[in-house]
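Asks: No letters, just coordinates:
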Ligand SMILES: NC(=O)c1ccc[n+]([C@@H]2O[C@H](COP(=O)([O-])OP(=O)(O)OC[C@H]3O[C@@H](n4cnc5c(N)ncnc54)[C@H](O)[C@@H]3O)[C@@H](O)[C@H]2O)c1
């Protein structure tokens, strides 16, 4: 158990609440400050403002040690202040640090030493600018450390309490030691480094993960062209101890609150410094194209999409979260709507609202697939493993599944009576759908969509 410290948190989002809850779990006293009154009201009422497994339990279990407030002054009594505010992209692709600077403007003035620890993902050089700003304001008693966060939504609590490493970059050894001490009780390698390197570790780690995703997605696209199966290929690659199996799942591309913005921020950071980061530019472009490949796959099976009903299953950017930020489902839905398709969308927890404007938002999978010409697995929620069922097949106008995450077993799905198309897998591109003459599909002359009710009411000849 760590020596108890008083910890302040700027930002009651994913990172702020997980950080606050987990530090409370380690025995510290925590004050979480946000600027959104509804968020603080919800937290005080014991409600988590978003979906994150295990976090509600952590917050309830440690409720005695956590205070929620709108007042920055209430952070005055804390020893370490974590900045966990958002750093979204600006139009130029640079990180928008205005929330960080606002938090700095609101730092309570205290006599004793306080340490500011940056958990928000920021460009390299931010720490140096913050230090200069603190000095300019006469806040020489405020230390600074970069302590980037590597948690992943959906497994955030587990990731925080069992990290692969803890990275701390500081200008003064004693500040780094104070931050490190907060984590005692957690077993993990600690990387103590300078501030710029700590900032770069976070950006580079994300960029490398994205590179792996775009790499395997390109391999998947080549697999489709040459008749190999990317799932088998990825397994064969991942068993190489020099490479490892992680982030080698082909799919329709990454999204989320971090990867897209952090890749842009790193690309911009490099170009602002006079360097053209070609590899990262390609990673970003591959990802954008990958999201759109589903449209081509649907067209391959259905021809023109005007008037076709397409069910998008799973909308959050990944399973285990309701976070819709930069979710591939948004791009996909708007592309399909632009093609004239009717989009029926379902997710077990995400409520996309206006983000999927024009799509019919459904409460159940069955509601989404009823009368659909195709069902697309967009996010690999575990419950979608049951998708190739008799009930779904009966409900759909055409039993076509495009598996954007390679969640399903192709053979079992086909055996259940569906045409199946995954990403980079042995393709069923021109296989006939049950009940459809093969010739028609080869010529891509698609018969008019029939609805489930058409099929059930059709009279035997
Ligand atoms: N979400 C993730 O998976 C993740 C993982 C690692 C790092 N990060 C990084 O951590 C940072 C936060 O991400 P997030 O997903 O938690 O963001 P978020 O948008 O969920 O939460 C940010 C919170 O900060 C609040 N806020 C803004 N200004 C404030 C201020 N002056 N004082 C107090 N609160 C303020 C906002 O109201 C919001 O509730 C970002 O830089 C992000 O890149 C996120």
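Replies: Good, I have the coordinates. All figures in this text were calculated on a predicted structure; none of them were measured in a lab.
Asks: Next up, the contacts around the residue of the chain found nearest the ligand.
Replies: With Cβ to the nearest ligand atom, the shortest gap between the chain and the ligand falls at residue 13, namely 1.8 Å. Yep, even glycine has a C-beta here, placed from its N, CA and C like the rest. Taking Cβ atoms under 8 Å, 6 or more residues apart in numbering, we find residue 13 in contact with 34, 50, 84-86.
Asks: all helices for the stretch 351-461 of the chain, in order.
Replies: Per DSSP state H, counting those that start in this stretch, the stretch 351-461 of the chain carries helices over the ranges 365-369, 390-395, 410-415, 438-442, 452-457.
Asks: And the stretch 101-250 of the chain, by the same measure?
Replies: Counting by DSSP H, counting those that start in this stretch, the helices of the stretch 101-250 of the chain are 126-136, 156-161, 173-182, 195-226, 230-238.
Asks: buried set for the fourth one?
Replies: Okay, so that is helix 195-226. Within helix 195-226, the residues that count as buried by 16 or more other Cβ atoms under 10 Å are 195, 198-203, 205-207, 209-221, 223-224.
Asks: ditto for the shortest one
Replies: Taking 16+ other Cβ under 10 Å as the neighbour-count basis, helix 156-161 is seen to contain the buried residues 156-157, 159-161.
Asks: Turn these into CSV, columns for pLDDT and distance to residue 313.
Replies: Shown next, in CSV, are those (pLDDT from 0 to 100; distance: Cβ to Cβ, whole Å):
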residue, pLDDT, distance to residue 313
156, 98, 24
157, 98, 26
159, 98, 26
160, 98, 30
161, 98, 32
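Asks: Quick check: the two most widely separated of those residues?
Replies: The largest separation in the buried residues of helix 156-161, counting by Cβ to Cβ, is between 156 and 161 at 9.7 Å.
Asks: surely residue 165 meets residue 189?
Replies: Yes. With contact defined as Cβ atoms under 8 Å, residue 165 reaches residue 189; the gap is 4.7 Å.
Asks: more crowded one of the two?
Replies: With neighbours defined as other Cβ atoms under 10 Å, residue 165 and residue 189 compare such that residue 165 has more, 12 against 9.
Asks: what's near enough to touch that one?
Replies: 150, 188-191.
Asks: now the helices of the stretch 101-250 of the chain as TSV including distance to the ligand?
Replies: Below are the helices of the stretch 101-250 of the chain laid out as TSV (distance: least, Cβ to the nearest ligand atom, whole Å):
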stretch	distance to the ligand
helix 126-136	11
helix 156-161	7
helix 173-182	16
helix 195-226	7
helix 230-238	24
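Asks: Could I get these in a markdown table, plus columns for distance to residue 386?
Replies: Formatted as a markdown table, these follow (distance: least, Cβ to Cβ, whole Å):
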| stretch | distance to residue 386 |
| --- | --- |
| helix 126-136 | 46 |
| helix 156-161 | 25 |
| helix 173-182 | 43 |
| helix 195-226 | 24 |
| helix 230-238 | 20 |
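Asks: quick one: which of those is nearest residue 404?
Replies: helix 195-226 (11.0 Å).
Asks: Tell me the pLDDT of residue 456.
Replies: Per-residue pLDDT puts residue 456 at 36.
Asks: before we move on, what about residue 240?
Replies: The model reports residue 240 with a pLDDT of 98.
Asks: Same question for residue 442.
Replies: The per-residue pLDDT reported for residue 442 equals 34.
Asks: and this structure, which of its residues are near the ligand?
Replies: Residues of the chain lying close to the ligand (Cβ under 6 Å from any ligand atom) are 10-16, 33-36, 39, 84-87, 99, 102-103, 106, 119-121, 149, 151, 153, 257-258.
Asks: Quick one: buried ones out of those residues?
Replies: 10-16, 33-35, 39, 84-87, 99, 103, 119-121, 149, 151, 153, 257-258.
Asks: What ranges does the stretch 301-450 of the chain have for its strands?
Replies: 309-313, 342-346, 360-362, 374-377, 400-403, 419-421 (DSSP state E, counting those that start in this stretch).
Asks: so the residue nearest the centre of the chain, which of the three states?
Replies: Nearest residue to the geometric centre of the chain (Cα atoms, centre = their mean): residue 256, 3.2 Å. Following DSSP: H, G, I helix; E, B strand; the rest coil, residue 256 is assigned to coil.
Asks: Touching, it and residue 318? I think so.
Replies: Yes. The criterion here is Cβ under 8 Å, and residue 256 meets it with residue 318 at 6.4 Å.
Asks: what's the overlap in contacts for these two?
Replies: residue 153.
Asks: Next up, the contacts around residue 202.
Replies: 121, 148-150, 167, 262.
Asks: let's go with 10 Å and repeat that
Replies: 118-122, 124, 146-150, 167, 169, 258, 262, 266 (Cβ atoms under 10 Å, 6 or more residues apart in numbering).
Asks: how much space between the closest residue to residue 335 other than its chain neighbours and residue 308?
Replies: Sequence neighbours aside, residue 295 is the residue nearest to residue 335 in space, at 5.1 Å (criterion: Cβ to Cβ, 6 or more residues apart in numbering). According to Cβ to Cβ, to the nearest Å, residue 295 and residue 308 sit 11 Å apart.
Asks: list the residues that contact both of these two?
Replies: Shared contacts of residue 295 and residue 308, counting by Cβ under 10 Å, 6+ apart, come down to 336, 339, 341.
Asks: how about those in TSV, adding neighbour count and pLDDT?
Replies: Compiled in TSV, these are given as follows (neighbours: other Cβ atoms under 10 Å; pLDDT from 0 to 100):
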residue	neighbour count	pLDDT
336	24	98
339	17	97
341	23	98
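Asks: Distance to residue 424 added to those residues, as JSON lines?
Replies: Shown next, in JSON lines, are these (distance: Cβ to Cβ, whole Å):
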{"residue": "336", "distance to residue 424": "21"}
{"residue": "339", "distance to residue 424": "23"}
{"residue": "341", "distance to residue 424": "24"}
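Asks: For residue 254, grab the count of nearby residues.
Replies: With other Cβ under 10 Å as criterion, residue 254 counts 26.
Asks: no no, residue 324
Replies: As a burial measure, residue 324 scores 21 neighbours (other Cβ under 10 Å).
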